[in-house]
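Undergrad: Pasting the sequence and the predicted model now:
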Amino acid sequence: GGTEKSSTDSGKGKDGDLPAVGATIYKFDDNFMSYVRRAMETAADGKVNLMLNDSQNDQAKQVEQVDTLIAKGAKSLAINLVDPKAAQTIIDKAKVKDIPVIFFNKEPDASVLEGYEKAYYVGTTSSESGVIQGELIAKAWEANKEAWDKNGDGKLQYVLLKGEPGHPDAEARTKFVVDTVKEKGIQVDELALDTGMWDAMKATEKMDAWLAKYNENIEFVIANNDGMALGAIASLEKAGYFSGDKFMPVVGVDAIPEALEMIEKGKMVGTVLNDAKNQGAATVQLGANAANGKDVLEGTEWKLDDKKAVRVPYVEITKENIQVGKDAYK
Amino acid sequence: MNTQATKKSNVVKWLFDNVIYVFLILLVIGIVIASPDFLSMTNLINILSQSSSRIIIALGIAGILILGGTDLSAGRMVGLAAVVSASLLQAGDYAYKMYPNLPELPLFIPILIAMAVTGLFGTLNGFIVSKFHVPPFIATLGMMIGVYGVTSIYFDRPPYGAQPIGGLSESFTTFAQKGIKLGQYEFPYLILYAIAFSIIIWVVWNKTQLGKNMYAIGGNAEAAKVSGVNVAKNIIIIYMIAGLLYGFSGTLEAGRVGSATNNTGNMYELDAIAACVVGGVSLSGGIGTVPGVITGVLIFQVINYGLAFLGVSPYIQFIVKGAIIIVAVAFDMRKHAKKK
Amino acid sequence: MNTQATKKSNVVKWLFDNVIYVFLILLVIGIVIASPDFLSMTNLINILSQSSSRIIIALGIAGILILGGTDLSAGRMVGLAAVVSASLLQAGDYAYKMYPNLPELPLFIPILIAMAVTGLFGTLNGFIVSKFHVPPFIATLGMMIGVYGVTSIYFDRPPYGAQPIGGLSESFTTFAQKGIKLGQYEFPYLILYAIAFSIIIWVVWNKTQLGKNMYAIGGNAEAAKVSGVNVAKNIIIIYMIAGLLYGFSGTLEAGRVGSATNNTGNMYELDAIAACVVGGVSLSGGIGTVPGVITGVLIFQVINYGLAFLGVSPYIQFIVKGAIIIVAVAFDMRKHAKKK
Amino acid sequence: MSEASSTNLLEMINLTKRFPGVIALNNVSLKVKAGTVHALMGENGAGKSTLMKCLFGIYSMDEGKILLDGKEVSFANSKQALENGVSMVHQELNQVRQQNVMDNIWLGRYPKKGIFIDEKKMYEDTAAIFKSLDIKIDPRSKVGSLSVSEMQMVEIAKAVSYHSKLIVMDEPTSSLTEKEVNHLFTIIRKLQSDNVAIIYISHKMEEILKISDDVTIMRDGQYIATKSAKELTTDEIIKLMVGRDLSQRFPEKINQPGDVTLRIKDLTAETEGSFSNINFELRKGEILGVAGLVGSKRTEVMEAIFGIRGLKSGSIELNGKVVHNHSPQHAIKNGFALVTEERRTTGIYPQLSISFNSIIANLPQYRKGLFLSESKVHDDTKWVIDSMKVKTPSQKTPIGSLSGGNQQKVIIGRWLLTKPEVLLLDEPTRGIDVGAKFEIYQLINELAAQGKGIIMISSEMPELLGVTDRILVMSNGKAAGIVETKTTTQEEIMRLAALY
Ligand SMILES: Nc1ncnc2c1ncn2[C@@H]1O[C@H](COP(=O)(O)OP(=O)(O)OP(=O)(O)O)[C@@H](O)[C@H]1O
Ligand SMILES: Nc1ncnc2c1ncn2[C@@H]1O[C@H](COP(=O)(O)OP(=O)(O)OP(=O)(O)O)[C@@H](O)[C@H]1O
Ligand SMILES: [Mg+2]
Ligand SMILES: [Mg+2]
């Protein structure tokens, strides 16, 4: 609960006396970030005055929001970068006023964190979701090779639905998922790679075209997120898959509820869960400590690694451990 | 000799008058040359069904363009309708329902609700444009931003927050994903909806007073006023109809992919407006036909689908698509070319 | 009695003629009432510096609007310039340079290169519009899509692929992020650039033949043509100038943010066009002033900044912003209102 | 024709120009001597404007050649024409309404100081030109705020300011009153004395004989004849233009005014500075003329009656009942019709078909349930084309490609279709050729004979005197008097028009 309250606060009222933590979310309605946000709000309740901003996937906007937050007297900043390379600019602004910065979810270059004593990171490694997705694919492929290697050439022929080109997650996931599968000793053929811009509808339409073109040759569908995976499934269903013995393995990232449902129904092989609750909680805990001038880890169970980062790991979700995914929405 | 010349010039004239249809055919031929297996029933059905909900949106926008207006809020309205209808049409046994206690509703109720909502916003657009004389670009830009806010608030709510609204009931997905089996092919219902709406809109534009008034207002609003056309009323109705069309299209979009988010429909308006213009609708109003609009959408969809089918690299796709749009319209403009 | 009435009606007339300035003041007053600490030098400087690069873009687009055109490609051009300038201005010791062997260049070279590139695309816009008679909406929509493709190809290259371009040289970030110390405040250079460009553009619009021709073409292109104005040439030059302005603004964006991606500048054109219209530029051409454009941008920025400052929930912000845009223009329209 | 061609400033030889579906000019020739006023006459659509546009570089000709000062020229654009000593007053007012008068005058050739525009010179030069031409318009006022006639005077001044050797004037007087026409003639005489040649296009016969030296007549895109004005009479010109005898300019009056149908009481406009306290009556079957100088608010009175403008006070009674025309819709429903004076801005839908343009004010009558009756639409369009003698290839032709006169006929036809009780005509014959004018007069007459009340604003005195039963004279927003047409004189009307 408490969605409306803390985000609409203007630095007065009940929370007015609490230390102010200025936060930006790269995109409010990102399905994962909306959970992180909520975890942040829950963690902030009664402890800090959390000032949340929606950067609308625009780094310039975020930079401006940081100006505003500083002008409003934020004692620490919790920043979910749009563009990881812009961390230096944020730090430059914070440094002038000696304000600590907790980056979360999108990791800045280590050297940048290095350059400001009061900068930290909470989150995963950007590449990790790709790696986990790759491991998931490799495992599933090895287990079902008989059925899934339709042309029997021992190679995995895949199509890949990429997120928005240039988006750090899209780039990292695309690269690392394929690299990982190859590392596991599986030979692959890329039939097609195209951008679905994170969008289910675009994914459906690309999949329509690919099915028309490659038909039986496609052996695996890899999507940078669950939304596009679901879009691909809609197209596959239309083409007669998932009824009778016609099957196509599809994987995504995010573990959104609909994807969990698909996994349970056997229409999706797996997805990758990012731990929103802990990411949000950790971010606020560090931010609150920083705002109060304490050591960032004081009174928490978190540890910093050598890159001044608190790591919250990704989890692979398949039918076997579906409950882990479901619990995330409890 | 002379009659031959005339015949030839008649053919040339016909080609110029119908340049977009010619262009569409050339486009298809080009793709087929690049990849002969493009010529298949499956591809045809895919392109038609992918065009269907876009045609419905484009017909809505086209009416507004013919009025001399524009509508930047179309995409966001599609998103609103998608989210609203999806939220009301989740399967009874789906675990993550937005309204856990809502029974499964008969299909038409959520569709009507979604259409009513966007119809209302459309009416509001028309009202702002005609009564407060706000230029349509601004009125609908404001609406685009505002509607997105409304959709987001509706969408990003407890219990599940900003999650794609999925688990749609089977009746809904059937409605939007299935079709009539004809031999080995399934002819999607989507196409039928698009045909039905095209016919209705064709009749409205060509056979009713509202249609004539629409062309009159777009052709010369001052003259329309003097001719006794209730300009404001007709503008509002056309915007309302557009809203209704977006609403229906939005439910189709949700049903077609099986889920909806607040970003569904984002930027559809640009594609739709561009398709209208490619299809011969004049941005300054007064000119446009239903077959033209349909052709415009098809051209766009053939480009989108064809480039993906050919496996053109995504970045190059953008460049080629941009170029084709410009070239298509440049060709079309030659028919108006007049030095004269 | 009579003179009093005249005086009063003069005041009313003045208010109507300057309604956008009044609106800006009312807006600020409204925010100050909601939160008195809004009234601070820091906030003023923040708003002005945030408006700066937008003003430069808006001035470019405004010229095109006054011509009777439009430019949807502006945002993507800003992105292209940002990517190009950033790639040429990475710090010598940065580990992930796009051109590992490139020495640190003097600031002006990359800026000029970026401006040359966007200036070229701007010229191309003008060329397509004036020579092929493609409606500006379509020409620049195609360009918007195409330029995005070009930017992406440039951006997504070895050695590091589609990584945001960061690690900008200090001279660059100083140029865009620092300012002149005046007492306890730092007055950003950004504001100075905006002022400089505003003055230049004001002079061009008001004191040169190009400016007069621009207004004439927008007001009545036919009249300009029969009066011997080289319409095509003037259109091309105005689009080119716009391209140059986007280019400069794009480098500012890269410098200001400290990095650039192919998504930088996305959709800036809509905000810029809306700001122009709010500032009294007519979408049908022929009307617009530099102070009006600046005020339009400031209104937008005060809304953006003010709502964030007040801590209005982001989704609500969309609704409020949409409403304010519409209301601002609706008020402005009242001055033209004439049930004769 | 008889003079040696060496004295000709301009020779256009065997010009042909085709538009899709139309041959606008078919082998047309025109020779103009320096220092003369050469009238170009012809019915609507005869090709006069097209011929001039070919000369001026707006259209390119398909065949033929043009000699200027004995040298062959072919202007690629207007700029070249202007630079070579040819300027033009266009039939359609081509002005940038958002800019001021001097910006318009110097458009395309601004005086400069370095790279900047020399505003001061611009102002002074404009003022000087206006002074020499005796035009009283502030060079700094916005063109959009001028009256139509002032705009036309600015256009004329602009054409003169090029110091060209040849000035084309395509219906320069279409919006001018007698006084201003005389003013223009003074200007023309002065130009003539500077050896400037003028090509003068007009549908006003009186003007032609008064001002021109030679007259060239065209018909249906063909050259017919060139004669010295001295040898010609109005009737002869008309005969050459229409290709047959037109024995009279005005049809026999056949109408019989009956009871009062429209009673205007104390009408005062909502906007200040407009008309006030207008009173008059219109009888069934009567043609009431409205005379007045430009700016006397005749148009605004009509617009107010038709519900386009707001009223502060006063009432409109139709057949004894007070009607409230809040909008044109109400007015149409109440049996009013208005043919507006500015055809382009408030009359035609240029891109739309003749059929559309014919029926648009009459839609409710075509409704059959939800739909419109195609056949009735077709029949009514046919009626408009036939009865108004509209020259068009088909019902589907966009009205914008017709000549101005034919457009006007369609508009009048449009309003007749609504079967009005009271027909308001604001300059209904502006820019219309004699043949068509006669037909329109006849129509007006017939309508009156059927018992309709007709109000007709006109700035052409002969027309008012030839067609109407009574004439309301307006002066400066007030009704200066109503005179009986049979007994009045031009002088009396002019006196009343200048009363306030
Ligand atoms: N741009 C055009 N496209 C097609 N047809 C045209 C065009 N301009 C003129 N015409 C046609 O050419 C013919 C001559 O027209 P033009 O305007 O020269 O007549 P006009 O003698 O000036 O008549 P008016 O006295 O009514 O002005 C007409 O039939 C007209 O329909
Ligand atoms: N100050 C003005 N600003 C804008 N438009 C004007 C102004 N004065 C007049 N007009 C327009 O010019 C036209 C003629 O105006 P008005 O009624 O005063 O003249 P008129 O006596 O009818 O002259 P005419 O019969 O020649 O048209 C009208 O359509 C009116 O709207
Ligand atoms: Mg003419
Ligand atoms: Mg008038």
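TA: Everything's here; your move. Residues are numbered from 1 along each chain as shown, chains lettered A, B, ... in the order given. Ligands and ions are numbered 1, 2, ... in the order given.
Undergrad: ok, the residue in chain B positioned nearest to chain A - contacts?
TA: Each residue of chain B has a distance to chain A, by Cβ to the nearest Cβ, and the smallest belongs to residue B:166, at 2.9 Å. Placement of C-beta: from N, CA and C, glycine included. Remark: with contacts taken as Cβ atoms under 8 Å, 6 or more residues apart in numbering or on different chains, residue B:166 is in contact with A:230, A:256, A:257, A:258, A:261, B:86, B:90, B:94, B:96, B:258, B:259.
Undergrad: From the chain's centre, how far out is the helix or strand containing the fifth one? Work that out for me.
TA: Taking DSSP states H and E as the criterion, residue A:261 maps to helix A:257-265. A distance of 18 Å separates the C-alpha centroid of helix A:257-265 from that of its chain, computed with Cα atoms, centre = their mean, to the nearest Å.
Undergrad: following that helix, which helix or strand shows up next?
TA: The first helix or strand that comes after helix A:257-265 along the chain, using DSSP H and E, is strand A:270-274.
Undergrad: what does the average pLDDT come to for the helix or strand following that following strand?
TA: Using DSSP H and E, the next helix or strand after strand A:270-274 towards the C-terminus is helix A:276-291. Mean pLDDT, helix A:276-291: 92.
Undergrad: what's downstream of helix A:276-291, the next helix or strand?
TA: Later in the chain than helix A:276-291, the nearest helix or strand by DSSP H and E is strand A:309-311.
Undergrad: Parallel or antiparallel, which strands does that following strand pair with?
TA: If you go by DSSP bridges, strand A:309-311 pairs up with strand A:119-123 (parallel).
Undergrad: Which residues does the partner strand contact?
TA: A:87, A:91, A:94, A:100-108, A:112-113, A:279, A:282-283, A:286, A:290, A:296, A:302, A:304, A:307-312.
Undergrad: got it, and stretch A:69-78?
TA: Outside stretch A:69-78, the residues that touch it by Cβ under 8 Å, 6+ apart are A:11, A:19-24, A:40, A:51, A:53, A:66, A:90, A:93-94, A:97, A:99-102, A:104, A:283-284, A:286-288, A:290-292, C:40, C:42-43, C:46, C:309, C:311.
Undergrad: Of those, which belong to helices?
TA: Taking DSSP state H, the ones among the contacts of stretch A:69-78 that sit in helices are A:40, A:66, A:90, A:93-94, A:97, A:283-284, A:286-288, A:290-291, C:42-43, C:46, C:309.
Undergrad: Please list only the buried members of those.
TA: Buried residues within the ones in helices among the contacts of stretch A:69-78, counting neighbours by 16 or more other Cβ atoms under 10 Å in any protein chain shown: A:40, A:66, A:90, A:93-94, A:283-284, A:286-288, A:290-291, C:42-43, C:46, C:309.
Undergrad: thinking again about what came up before, which among the ones in helices among the contacts of stretch A:69-78 are in contact with ligand 4?
TA: With Cβ under 5 Å from the ion as the criterion, no member of these is in contact with ligand 4.
Undergrad: Shouldn't residue A:245 be within a strand?
TA: No: the secondary structure assignment for residue A:245 gives coil rather than a strand, going by DSSP: H, G, I helix; E, B strand; the rest coil.
Undergrad: Tell me how far stretch A:48-60 lies from the chain's centre.
TA: For stretch A:48-60, the gap between its own C-alpha mean and the chain's C-alpha mean amounts to 17 Å (Cα atoms, centre = their mean).
Undergrad: So what would you say the end-to-end distance of that stretch is?
TA: Terminal residues of stretch A:48-60 lie 26 Å apart, using Cα to Cα, to the nearest Å.
Undergrad: tell me which parts of chain B are close to ligand 1?
TA: Residues of chain B lying close to ligand 1 (Cβ under 6 Å from any ligand atom): none.
Undergrad: Do you have the strands of chain B handy? List them.
TA: Listed in chain order, the strands found in chain B under DSSP state E are B:179-182, B:185-188.
Undergrad: Since that was my last question, I'll sign off now.
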